[in-house]
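**Student:** Have a look at this fold, sequence not included:
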């Protein structure tokens, strides 16, 4: 088997204009970025209703064994196209920073990839850089406002807007800024997050158009006054310039899979302190062009799918028609207590023990009224007995499990999955509804997710956290959904509790208001918003080889 | 008269493929970025010798009255094309940060502009963002190396590599980083510069190709060990990944003037702590495609032209055929002691007094063996008597002064200038030579520029500065040229001394090694490498108007 990058390089890509034509995008709406990427000018698309069926690809709780969610999304979309259904992908853009740490790109793998993978992983069409600029312009305008007299009476102890870089750089997590004397402003503590954690990223991904984008940017709460009134980006007159900086970034990016399926790759918010899905604009555009749209959400279904449903679908009025939960034999073995080093030994009983994780995710997704199929992403060494256990677990939940080989075979390896998905879309009426109503109090929303999705006894929080939530409710933010930030490795807040833990509580350590994105973040446990580089960063091995090809990136 | 942006918007742009064809660039070498910008893939250009004549546009010492160097470059190139000479422009990319402060863009003005101006000023093709990423990756790898054990024995007190953002943000000039405990590394002082001040920017602009780029990146000195040995980017194994991040950025960007002249806009290093010219790659590419290439250098000729000659031309083996020194009646009046508020009153005697500034710049440029013509960029209200004085001053130096009206009339207004330039190229053999030899000691190089260009009595420096220079000479950096960082407003280091001051000394406050770019920076006076925003930033007025057009940007 060739490496991902060797497969990607060996592929003959179609000109992006041909992919656009396949998707029904007229040439005048295509803004090329090189020969194999384009931005879509939505104002030049023919009017179309969002008629496509929306299929969410999500997963069991992730493990170091790997699940292959993006790979499955690509394989499924290719399979739908191969079997005659007009299909598009809507996926997240990968973050640049982590490419230089430990992880490779986020463009699928094997014969189920979106291409050109190097471009997509490195700068792509510049969206994340534009978000970084818009975010940091706002930061500069806050300190500048204070420096020149602070007419808005900002309490410099209560400036909550940090800065961002698309880089893994632990040294910037906590800084003291504005040192060096009066010309540099008032010294204070601050820090940097990685760009995918920026509220501007979440806003870009939830905005319905440029006007909504600007309105949301204006609502960002950047600080509080000494008497605790929120100060917004609009108060600082930063919203207009931020929107101008994002004028290109808000247009969705068109690329292709190895099999020529059109893919819109657009936006990539963090899946912990934000909602973890590609842009609403990309999803809606795809739904207007294709009959089936395959999309995905970050992390496992407890985080990714819940937020996809409760934040993105709620805000954008989307009705998902079906969900695919990706599982692997190896990952379920880890949930069943097998160490990573021992995963090669067949162990159907471990799969059964770990299957409780899968079963709970199925139950959860179906509780939103969305029909489910389980995709088992096959690895070498998986045995029929192990697969049979997964089929049993799925059947016990009233759904099908389908073995998939798209990594090795491309779309041909996911045709059975495609048929199962189509059957769900055609025959099971989607009865989608969010988990909770807007009217519930903020803490009750947190508690609802904690008890019904994480199956905790309850959510708990200090009085100061509850008081903060009450202040936001009084200020008119009580109708917002909540965005839960907790470890992706467990239903609980303890990453070591695999499987389907019970009896736990969910402690809410801190809450943050993302008034522009339109949610309240509940931070449960340690959440890292600026990664660091490992002892030997991947960057050390990245360089141009003798033939000019990029080495070491994946 | 319409505003610059109204003129720019009213223009009908040619498709970038047509501009490429005009320039002799084959379609397979064109990587479109939208419909009116492209990167040029040099590996797909036909082989060509650099046969064009290189014309440098420089200026008198800048004043608040404005000179119009970029405008003149554009007007001259348009005029050369109008009069039948195959001509290209090679210009710098504007920096994003200052657009949100006080200054507008840097794409010329009136009917002498490069377009699309909004794109060029906002993100363009992402080059500066790529430079920011490469720079900050190196910064992250330095702190990461120290965090994980510091095998290279870096003295954290002597880390000289800061971080960069393309933003005016005074709060980041001086920071304390890595606060918050052991997980965040070792606390130390540091700070951010604006991206145009990055050595990576200077390197990109001086590199001859991707291999040279990577070699130069590897030579960057980022820190010193406790026993003062330099630690380089190559020691940290960062050079390969940095080069990969710059793979697109190193390709020159093609745009057009309002009159359809092809323009390569590529790179934009600071003109104080770096050399202030567009990339060597863009200049060489243009010289291979066109018969005349118009380029420019930052600030006045004492800084911009001197560095263009002594750094860029020296390193790249370029032989400029002629230089245009841009002057205005208004600016010379300011050099002659007239306050900005009084510039509208005709005052030929003030022009004569201020003309000493022009005369000295002419002498200086001719000392490099480059023939000179003076371009007088006409403003409303200038009188024939004032222009006659400039003609006299130029004639006294043995050169011509030509009145230009390209701002109001486009290339037609610079045809006389074009004829004068062509006459210089055709009839005066360029005898270009740099000011000093590589073999001179570093301090003697500084002193040579100070005495022969700035006409100072001498350059002075503390023993610590001289000792630093001696250490670099001992370490093998003595052959490098020097890059003088001083105020652009005066030949001296005092910005208030207009005209042609004498009797001053040039105090060298600090020296910095840019081993990758290949020069030693001598900092004379206060040099700001991270601007701040003004009391009312331009950003406050920037937004989308009702018709979707950008307001307030220029």
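**Tutor:** That came through, no problem. Since this is a predicted model, take the numbers as computed values, not measurements. Residues are numbered from 1 along each chain as shown, chains lettered A, B, ... in the order given.
**Student:** Look through the stretch 451-554 of chain A and state the residue closest to chain B.
**Tutor:** Here the residue of the stretch 451-554 of chain A nearest chain B is residue A:543; by Cβ to the nearest Cβ that distance is 2.5 Å. From N, CA and C alone the C-beta is placed, and that goes for glycine too.
**Student:** just the stretch 101-250 of chain A next, same as before
**Tutor:** Closest point on the stretch 101-250 of chain A to chain B, by Cβ to the nearest Cβ, is residue A:240, at 2.5 Å.
**Student:** Mind telling me what element that residue is part of?
**Tutor:** Using DSSP states H and E, residue A:240 sits within helix A:239-245.
**Student:** Quickly note the distance from the spatially most central residue of chain A to residue B:371.
**Tutor:** Nearest to the mean C-alpha position of chain A, by Cα atoms, centre = their mean, lies residue A:276 at 2.4 Å. According to Cβ to Cβ, to the nearest Å, residue A:276 stands 63 Å off from residue B:371.
**Student:** repeat for residue A:45
**Tutor:** Here the criterion is Cβ to Cβ. By it, residue A:45 lies 56 Å from residue B:371.
**Student:** which one of these two has more residues nearby?
**Tutor:** Under the neighbour definition other Cβ atoms under 10 Å in any protein chain shown, residue A:45 and residue B:371 were set side by side, and residue B:371 has more, 23 against 16.
**Student:** In this structure that one contacts residue B:397, no?
**Tutor:** No - Residue B:371 lies out of contact with residue B:397 (Cβ atoms under 8 Å); the separation is 11.0 Å.
**Student:** can the worst-scoring helix or strand of chain A on mean pLDDT be found next to chain B?
**Tutor:** When each helix and strand of chain A is scored by mean pLDDT, DSSP states H and E, helix A:4-10 comes last, with a mean of 84. No - counting by Cβ under 8 Å from any Cβ of the partner chain, chain B is not contacted by helix A:4-10; separation bottoms out at 12.6 Å.
**Student:** re the thing from before, quick one: pLDDT of the residue nearest to the centre of chain A?
**Tutor:** If you check residue A:276, the pLDDT there is 94.
**Student:** Same question for the one 4 residues further on.
**Tutor:** The predicted structure scores residue A:280 at 98 on the pLDDT scale.
**Student:** again with residue A:430
**Tutor:** pLDDT, read off for residue A:430, is 69.
**Student:** rewinding a little: tell me the bridge partners for the residue of the stretch 451-554 of chain A closest to chain B.
**Tutor:** Residue A:543 has these beta-bridge partners by DSSP bridges: residue A:551.
**Student:** how much space is there between it and residue B:200?
**Tutor:** Counting by Cβ to Cβ, the gap from residue A:543 to residue B:200 is 16 Å.
**Student:** So which of those two has more stuff around it?
**Tutor:** The neighbour comparison of residue A:543 against residue B:200 (other Cβ under 10 Å) goes to residue B:200, with 30 against 18.
**Student:** The more buried one: which element?
**Tutor:** Under the criterion of DSSP H and E, residue B:200 resides in helix B:199-206.
**Student:** Would you mind pulling the contact partners of that helix?
**Tutor:** B:127-128, B:131, B:134-135, B:138, B:195, B:213, B:216-217, B:220, B:242, B:246, B:249-250, B:266-270, B:274-275, B:277-280, B:311-312, B:315-316, B:514, B:516-519 (Cβ atoms under 8 Å, 6 or more residues apart in numbering or on different chains).
**Student:** Of these, just the buried ones, PyMOL syntax please.
**Tutor:** Selection command for PyMOL covering only the buried members of the contacts of helix B:199-206, criterion 16 or more other Cβ atoms under 10 Å in any protein chain shown:
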select buried, chain B and resi 127+128+131+134+135+138+195+213+216+217+220+242+246+249+250+266+267+268+269+270+274+275+277+278+279+280+311+312+315+316+514+516+517+518+519
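**Student:** Can you tell me which of the contacts of helix B:199-206 end up in helices?
**Tutor:** B:127-128, B:131, B:134-135, B:138, B:213, B:216-217, B:242, B:280, B:315-316 (DSSP state H).
**Student:** between the residues you listed, which is closest to residue B:147?
**Tutor:** Checking these against residue B:147 with Cβ to Cβ, the nearest one is residue B:138 at 14.9 Å.
**Student:** Help me confirm that the closest one comes into contact with residue B:238.
**Tutor:** Yes - in this structure, residue B:138 is within contact of residue B:238 by Cβ under 8 Å, at 4.7 Å.
**Student:** Report the secondary structure state of residue A:459.
**Tutor:** Applying DSSP: H, G, I helix; E, B strand; the rest coil to residue A:459 yields a three-state assignment of strand.
**Student:** Kindly report the same for residue A:403.
**Tutor:** Under three-state DSSP, residue A:403 comes out as strand.
**Student:** what about it, how many neighbours?
**Tutor:** Residue A:403 - counted by other Cβ under 10 Å - has 19 other residues nearby.
**Student:** for the one 4 residues further on, same thing?
**Tutor:** With neighbours defined by other Cβ under 10 Å, the count for residue A:407 comes to 25.
**Student:** on that earlier part again, quick check: buried residues in the helix holding residue B:200?
**Tutor:** Neighbour counts over helix B:199-206 (16+ other Cβ under 10 Å) mark B:199-206 as buried.
**Student:** now stretch A:423-435
**Tutor:** A:424-425, A:430, A:432, A:434-435.
**Student:** show me the contacts for residue A:82.
**Tutor:** Applying Cβ under 8 Å, 6+ apart, we find residue A:82 in contact with A:259, A:411-412, A:415, A:418.
**Student:** Repeat the analysis, applying 10 Å as the threshold.
**Tutor:** Residue A:82 is in contact with A:259, A:261, A:410-412, A:414-415, A:418, counting by Cβ atoms under 10 Å, 6 or more residues apart in numbering or on different chains.
**Student:** again, but for residue A:275
**Tutor:** A:201-202, A:205-206, A:269, A:297-298, A:303-304, A:306-308, A:310-312, A:315, A:481, A:483-484, A:514, A:517-519, A:521.
**Student:** what bits of the stretch 451-554 of chain A have low per-residue confidence?
**Tutor:** Across the stretch 451-554 of chain A, the ranges flagged by pLDDT under 70 are A:554.
**Student:** swap that for the stretch 301-450 of chain A, please
**Tutor:** For the stretch 301-450 of chain A (pLDDT under 70), the answer is A:428-430.
**Student:** now do 90
**Tutor:** Applying pLDDT under 90 to the stretch 301-450 of chain A picks out residues A:426-431.
**Student:** residue ranges of the strands in it, please?
**Tutor:** A:320-327, A:372-377, A:400-404 (DSSP state E, counting those that start in this stretch).
**Student:** For chain B, find the nearest of these.
**Tutor:** Of the strands of the stretch 301-450 of chain A, nearest to chain B by Cβ to the nearest Cβ is strand A:372-377, at 29.8 Å.
**Student:** Each with direction, which strands does the closest one pair with?
**Tutor:** strand A:320-327 (parallel), strand A:400-404 (parallel).
**Student:** Between those, which one is closest to residue B:15.
**Tutor:** In terms of Cβ to Cβ, the element of the strands paired with strand A:372-377 nearest to residue B:15 is strand A:320-327, at 41.1 Å.
**Student:** now that closest one: how far from the chain's centre is it?
**Tutor:** Taking the mean of its C-alpha atoms, strand A:320-327 sits 15 Å from the chain's own mean (Cα atoms, centre = their mean, to the nearest Å).
**Student:** Run through the residues that contact residue A:66.
**Tutor:** Residue A:66 touches A:109, A:328, A:330-331, A:377, A:379, counting by Cβ under 10 Å, 6+ apart.
**Student:** Pull up the gap between residue A:485 and residue A:272, please.
**Tutor:** When Cβ to Cβ is the yardstick, residue A:485 and residue A:272 sit 4 Å from each other.
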